[in-house]
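[1] Below: sequence and its predicted model.
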Amino acid sequence: MLNTLHRVLSLCRKEMLAILKDPSSRIVLIMPVILQSMLFGYAATYDLTNAPYAVLDQSRSAASAELLASLDGTGVFHRVATLESEQQIEEIIDKGEALLVLQFGADFERNLYAGQTASLQVILDARNSNSAGSAAADIGAIVAGFNQQWRQSHGGSAPALTVESRAWYNPNLETRWFIMPSMIASLAFLQTVMLTALSVAREREQGTFDQLLVTPMSPSEIMVGKAVPPIMIGLVQSTIVMLVTLFWFKVPMAGSLLTLYLGLVFFMISSVGVGLVLSALSANMQQAMLYSFMLMMPLMLLSGLATPVRNMPEPIQILTYANPLRFAIDLIQRVYLEGVSLFSVWYDLLPLMVIAVLTLPWAAWLFRHRLI
Amino acid sequence: MPETYQDGVAPRNLAAFLRRLYALTRKEVRQLLRDKSNLSIGLLLPVILMLIFGYGLSLDVRNAPIAVVLEDASPTAMDAISGLQLSPYFSPLLMRSMHEAEEKMLTREVDAIVRVPPDFASALNAGQGKLQVIVHGAEASRATIILNYATSALAQQGARLQDRSAGAASDGIGQVQVESRLWFNAANTSTWYLVPGLIVLIMTLTGAFLTALVMAREWERGTFEALFVSPVKPVEILLAKIIPYFVVGIIGLAMCLVTARFLFGVPMEGSLPLLLLSSVLYLFVALGIGLLISSVTRNQFMASQVSLLISLLPVFMLSGFMFDLRNVPVMINVIGHLFPATHFMTLIKTLMLAGNIWPIIILEGSILAGYAVLFIGLARLVTRKRLD
């Protein structure tokens, strides 16, 4: 028992040295994580914060000016041009200078005073359908507010129905609150799997793996020795992202650190399992890298990071059950944002354990049974 | 290198140049075909990505499960929430107790709760009806869309009820009605804006990532030096290395265009030749970046990490592929525009969805051409310096 421990520890130490002895790979393990978490925090947003618009106001009325004033008051919409004719609409939208054009007909105010429906034409550039959709929703809300004010100031009754809204766990519905906690798992995932995939493949390519196999170590000892260092590196990377999320972007953490780390440890073990299997299956480093990359792109995309899993069609949602990252993101989100206890994330932990239990012994078996 | 092998191809040397290039290219093609892992990245991964982007990823909400808590089950209350039941965006679950709904929200069986308070009908008659919408905010983008749809569906139905109880179609007060038109994406689906961007991703994948890896391996193993002692020029070696990956990139592009058009119905508003031309231009840029990375790092792991960081990641994050650059801080926007992928992204989305808009085509096209010259030139410079 003591011998086993001693052998495993020595191998861990050797693996750590192999990974960290090169200064450039030390940098590559830390710097990108910091850089990427900053970048994602600022760049990954589906929130509409800047919507340049142009106006074609054929009515030139007080009413249209009032509506535009409430648009400008949001801080999101900025007027970039005042158009003179309909022909100009096409140009300004085509060039992407304005996300939307508002067109008031000549009879806009007249219709309003006549008690009729005054139409406001909104032309949206939907090359990015998400921005266009958000802008349309915002305009809808602003116009609804305008209508209500108009009714009340022209002798109408207040609306009989008001709709109050509230959002749990993310009061301002910021994308960042969702993306950053997900990053705690995803950023580490990418490098952990690649590092692990390279570890055995490198020794295979250099011929040192056979030497390792003839040492007194059993395949499972080799497996543990190869698995522990990347798990530790992954945890360090996750911690860095978590610190950035917490202290730079100030996303408040609702849950307990202990639960979060327990989930992360299980996630790292299962991703290292995936990496080791890939590594044992590849003949050389290049294959290991390419295969792990090929696997990781779909896993990252279908994890709920880019677009929510719930938006996906049913069959694809079922496919994501084989994806460790999907469960890790769900778990971290629930612990970080919702503050749930360990007891309520068992359905995320269980699949992670299953993946680990399947992949790690498989990798150990492959060490001996696939000699290339 | 011996001095007899200088650059500059005189006419009588052209035949020899072509012969050597042909021989080298054949060697590279065989090498590429032998290792299935290269080809699978170049050809299989694009297919997988296209299917994922076309069928898997979506920012659109359909049939979101929401809990409707009817603490008042009067006909008026049923009327007020009927807008939700007709909506394609929701599949409402009717229930009586708020407790049950909150439970379902905690386990995320529902995305939102619409609460109709006990005295809703009488309050509405008194002109003070209140409805409450609570949304699970963890997935912010989905939550925002659900919240917007739900609030506007409820408010519209509420206004209709009020008109009905007032007994008149109109009380003589005007109101503004929004008529919106979506240009360039009549289907209003995120697939249309994601799929063109995928072409950028796939070209970057083959051009920069794959090339960087393959070349870094040659440097790492020293097989490059073996080539240098043979009577071929550096340019020929580089060209022979590039040509197979160029072809793989073009095949990837063709597959993308065919699937985009016939599987996902993404329109092709602009001219196809222009699109092909700009893609070839971008492929040169990507190949240049790939070559540059490999000859600077000369190590497979480093090459993979660097190309991930400076070529693939920017495509995802900073090019306007998924996230609109209009919504990011100015600094990030500026950084985003430093990457060639951002310019190709604008160009390709415009050509596919909007049409031949010349000011954009000329501007972005010439920026891409500039980058192509820059990176290919740099790659050649770096490779030569190390040789001499």
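    Yep, it's here. Numbering: from 1, shown residues only, chains lettered A, B, ... in the order given.

[2] In contact with B:Gly83, which residues?
    Neighbouring residues of B:Gly83 by Cβ atoms under 8 Å, 6 or more residues apart in numbering or on different chains: B:Ala153, B:Leu154, B:Gln156, B:Gln157. Yep, even glycine has a C-beta here, placed from its N, CA and C like the rest.

[3] which of those residues are buried?
    Neighbour counting by 16 or more other Cβ atoms under 10 Å in any protein chain shown classes B:Ala153, B:Leu154, B:Gln157 among these as buried.

[4] before we move on, back to that, what about chain A: which of the contacts of B:Gly83 touch it?
    B:Leu154 (Cβ under 8 Å from any Cβ of the partner chain).

[5] now, which of the contacts of B:Gly83 lie within helices?
    When DSSP state H defines the helices, the subset of the contacts of B:Gly83 inside them is B:Ala153, B:Leu154, B:Gln156, B:Gln157.

[6] can you redo those residues as a markdown table with pLDDT?
    Below are the ones in helices among the contacts of B:Gly83 laid out as a markdown table (pLDDT from 0 to 100):
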| residue | pLDDT |
| --- | --- |
| B:Ala153 | 88 |
| B:Leu154 | 89 |
| B:Gln156 | 84 |
| B:Gln157 | 85 |
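
[7] Now for those: which two are most distant?
    B:Leu154 and B:Gln156 (7.4 Å; Cβ to Cβ).

[8] where does the chain have low pLDDT?
    No chain was given, so I picked chain A. Confidence mapping of chain A against pLDDT under 70 gives the ranges A:370-372.

[9] that's the wrong chain, I meant chain B
    In chain B, residues with pLDDT under 70: B:1-12, B:166-172, B:384-388.

[10] Mind naming the longest helix for it?
    helix B:358-387.

[11] can you pull the contacts of A:Leu212?
    Counted by Cβ under 8 Å, 6+ apart, A:Leu212 has contacts A:Glu203, A:Ile222.

[12] Any buried residues in stretch B:337-349, and which?
    So, applying 16+ other Cβ under 10 Å, buried residues of stretch B:337-349: B:His337, B:Phe339, B:Pro340, B:Ala341, B:Thr342, B:His343, B:Phe344, B:Met345, B:Thr346, B:Leu347, B:Ile348, B:Lys349.

[13] Mind checking which of the residues you listed are in helices?
    Reading helices off the buried residues of stretch B:337-349 with DSSP H, I get B:His337, B:Pro340, B:Ala341, B:Thr342, B:His343, B:Phe344, B:Met345, B:Thr346, B:Leu347, B:Ile348, B:Lys349.

[14] follow-up on the earlier one: filter the buried residues of stretch B:337-349 by proximity to chain A?
    Residues of the buried residues of stretch B:337-349 in contact with chain A (Cβ under 8 Å from any Cβ): B:Thr346, B:Lys349.

[15] Closest to B:Gln85 out of the buried residues of stretch B:337-349?
    Nearest to B:Gln85 among the buried residues of stretch B:337-349, counting by Cβ to Cβ, is B:Lys349 at 36.7 Å.

[16] Correct me if wrong: A:Leu295 contacts A:Val274.
    Yes: with contacts counted by Cβ atoms under 8 Å, A:Leu295 reaches A:Val274, the gap being 7.4 Å.

[17] joint contacts of these two?
    Common neighbours of A:Leu295 and A:Val274 (Cβ under 8 Å, 6+ apart) are A:Val193.

[18] more neighbours, the two?
    Of the pair A:Leu295 and A:Val274, A:Val274 is the one with more neighbours under other Cβ atoms under 10 Å in any protein chain shown, namely 28 against 19.

[19] how near is that one to B:Ala186?
    42 Å (Cβ to Cβ, to the nearest Å).

[20] Likewise for B:Met322?
    For B:Met322, the distance to B:Ala186 equals 21 Å [Cβ to Cβ].

[21] So those two - more neighbours on which side?
    B:Met322 (21 against 12).

[22] how about that one, phi and psi?
    phi -110, psi -40 (degrees, to the nearest 10).

[23] Now it. Nearest residue, chain neighbours left out?
    A:Ala306 (6.2 Å; Cβ to Cβ, 6 or more residues apart in numbering or on different chains).

[24] Give the helix, strand or coil label for the one you found.
    Here A:Ala306 takes the coil state, with states given by DSSP: H, G, I helix; E, B strand; the rest coil.

[25] ok, now which ones touch it?
    A:Ala306 neighbours (Cβ under 8 Å, 6+ apart): A:Met300, B:Leu57, B:Met322.

[26] which secondary structure element contains the first one?
    For A:Met300, the element it lies in under DSSP states H and E is helix A:285-301.

[27] Any part of stretch B:70-79 near chain A?
    No: against chain A, stretch B:70-79 shows no contacts by Cβ under 8 Å from any Cβ, the least distance being 10.5 Å.

[28] same question, stretch B:33-47
    Yes: using Cβ under 8 Å from any Cβ, stretch B:33-47 comes into contact with chain A via B:Asp35, B:Ser37, B:Asn38, B:Ser40, B:Ile41, B:Leu44, B:Leu45.

[29] Could you list the alpha-carbon positions for that stretch in CSV?
    Written as CSV, here are the backbone C-alpha positions of stretch B:33-47 (Å, rounded to 0.1, in the frame of the first residue of the first chain):
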residue,chain,number,x,y,z
LEU,B,33,-4.0,11.2,-46.8
ARG,B,34,-2.0,8.7,-44.7
ASP,B,35,-2.8,10.3,-41.3
LYS,B,36,-6.6,10.2,-40.9
SER,B,37,-6.5,12.6,-38.0
ASN,B,38,-5.6,15.5,-40.2
LEU,B,39,-8.3,14.8,-42.7
SER,B,40,-10.9,14.3,-40.1
ILE,B,41,-10.2,17.8,-38.8
GLY,B,42,-10.3,19.2,-42.3
LEU,B,43,-13.3,17.5,-43.6
LEU,B,44,-15.3,15.7,-40.9
LEU,B,45,-15.2,18.4,-38.2
PRO,B,46,-16.8,21.0,-40.6
VAL,B,47,-19.7,18.6,-41.3
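
[30] got the buried residues for it?
    For stretch B:33-47, by 16+ other Cβ under 10 Å, it's B:Ser37, B:Asn38, B:Leu39, B:Ser40, B:Ile41, B:Gly42, B:Leu45, B:Pro46.

[31] what comes up buried for the helix ranked longest in chain A?
    Counting residues, the longest helix in chain A under DSSP H turns out to be helix A:175-206. For helix A:175-206, the neighbour count (16+ other Cβ under 10 Å) marks A:175-205 as buried.
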